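Asker: I'll drop the sequence and a predicted model, then ask my questions.
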Amino acid sequence: MRKEAKSEKGGKGRRSSLGMRGRRASSLIDSGASNALPHKEVDTADFYKHIADGLPEPRRMRQLLTWCATRAMGDKPTGAQPEDASARLAARVIQEELLKDFSTNSELSNWFGREDVNPPAVVVKKPNPKNIQNADKIKELEEQIQRLQRERHSLNELLRPPSIPRLKPESKQPPDKSQDQGSLQAESADQPTRPLLSLHPESIDTSLLEPSQQEIYAMLHPDTAKARRKSQSQEPLATTQSGHLPPMPPSVVSARLSRVTSGLAPTLDSFAAGVHDIELYRAMSDAVSTQVLRICAERLEERDARNAMRRLAIEGGEAEGRRVSLRHGRPREDLGVILGALSRVERR
């Protein structure tokens, strides 16, 4: 019990001495005489122990900040002066003035007297209408690009040359023993009803072809055609002459094709000219019909006006005067010029 009492008494005395020292330091700081900085051996983390606990919280905070700032500034430089000594001294003077203002002005460390600041209102930003329009335009352009790509693929498919089977059979190669039999069975299962077409020239019956087709066949396969002619030479001469024609050289075929193509251009030109004349005739017919309808409408309006004026003249007893005024009506329009132009276009 005695030890506990001594410890309590010693603790109270220690605390009271520290409190007295803290109050003296606070009075020195308030008077501006000195910062009352603790000894250098006192660590910065123990500064709060040397501040009186009975002081208000803002005042204790001001004293603690003053000591920490003074300890952070350090001592004045002595000895050899570096090149930037003047700048360092000027900066230190500014720091000392700021520290002095902070220690003497209690409003700088009194957070109880700060203004109540309302939290900033949450502003919901609306998207820019221009950005929305641009996004819609981008989506539309992407769809258009995809559509154009599909059209391009379909056009390439149309421009691709068709796969025509060859008449000459490919050289038969021995089957590869390492070939997978499963793949062959799968292919045969995928195409069970596909007919097997023979592409050998010997399997083509030339007697079923037209004379022009027989000539082309003879140019493509002269050996097969000669063999067929030899086999058919044993038949009667009439049958041979009626069934086969002499082969034509490629120069004759190219000459015929060039003659056909050279005569095709004037035909196309005349066709285009005829289409142009038809277009002109249609445009002129539309113009004439429009003008005729306009004239008919004007005549009908004049007739209705004349009938109305005649009724008014009969009712008012002024039929003679009205008849004289109606004689001087609008002159009739001549359609001869338009009909003449239309006939000239028709003669073309």
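Answerer: Structure's in. What do you need? Residues are numbered from 1 along each chain as shown.
Asker: Which residue ranges of the stretch 1-150 of the chain form helices?
Answerer: 2-31, 57-73, 85-104, 129-159 (DSSP state H, counting those that start in this stretch).
Asker: what's the least confident stretch among those helices?
Answerer: Sorting those by mean pLDDT places helix 2-31 lowest, at a mean of 53.
Asker: Give the other helices and strands that the longest helix belonging to the chain contacts.
Answerer: The longest helix of the chain (DSSP state H) is helix 250-316. Here helix 250-316 touches helix 319-327, helix 336-347, going by 3 or more CB pairs under 8 Å, 6 or more residues apart in numbering; DSSP states H and E. Quick note: C-beta positions are derived from backbone N, CA and C, even for glycine.
Asker: weakest of those in terms of mean pLDDT?
Answerer: helix 319-327 (a mean of 52).
Asker: Tally up the residues packed near the residue nearest to residue 96 when sequence neighbours are not counted, please.
Answerer: Leaving aside its sequence neighbours, residue 96 sits nearest to residue 73 (CB to CB, 6 or more residues apart in numbering; 7.6 Å). A count of nearby residues for residue 73, using other CB atoms under 10 Å, gives 12.
Asker: Verify the stated contact: residue 73 with residue 92.
Answerer: Yes. Using CB atoms under 8 Å, residue 73 is in contact with residue 92, at 7.0 Å.
Asker: show me what contacts the residue nearest to residue 96?
Answerer: The contact partners of residue 73, by CB atoms under 8 Å, 6 or more residues apart in numbering, come to 92, 95-96, 99.
Asker: Ok, residue 148 next?
Answerer: Neighbour list for residue 148: empty [criterion: CB under 8 Å, 6+ apart].
Asker: low-confidence ranges in the stretch 201-348 of the chain?
Answerer: Low-confidence segments of the stretch 201-348 of the chain (pLDDT under 70): 201-203, 225, 230-246, 317-348.
Asker: mind redoing it with 90?
Answerer: The stretch 201-348 of the chain contains residues with pLDDT under 90 at 201-301, 303-304, 306, 308-348.
Asker: you'd agree residue 48 is up against residue 61?
Answerer: No. The pair residue 48 / residue 61 is not scored as a contact, 10.0 Å apart, by CB under 8 Å.
Asker: Burial check on residue 261, number of neighbours?
Answerer: Considering only other CB under 10 Å, residue 261 is surrounded by 9 other residues.
Asker: how near is it to residue 269?
Answerer: Residue 261 sits 14 Å away from residue 269, going by CB to CB, to the nearest Å.
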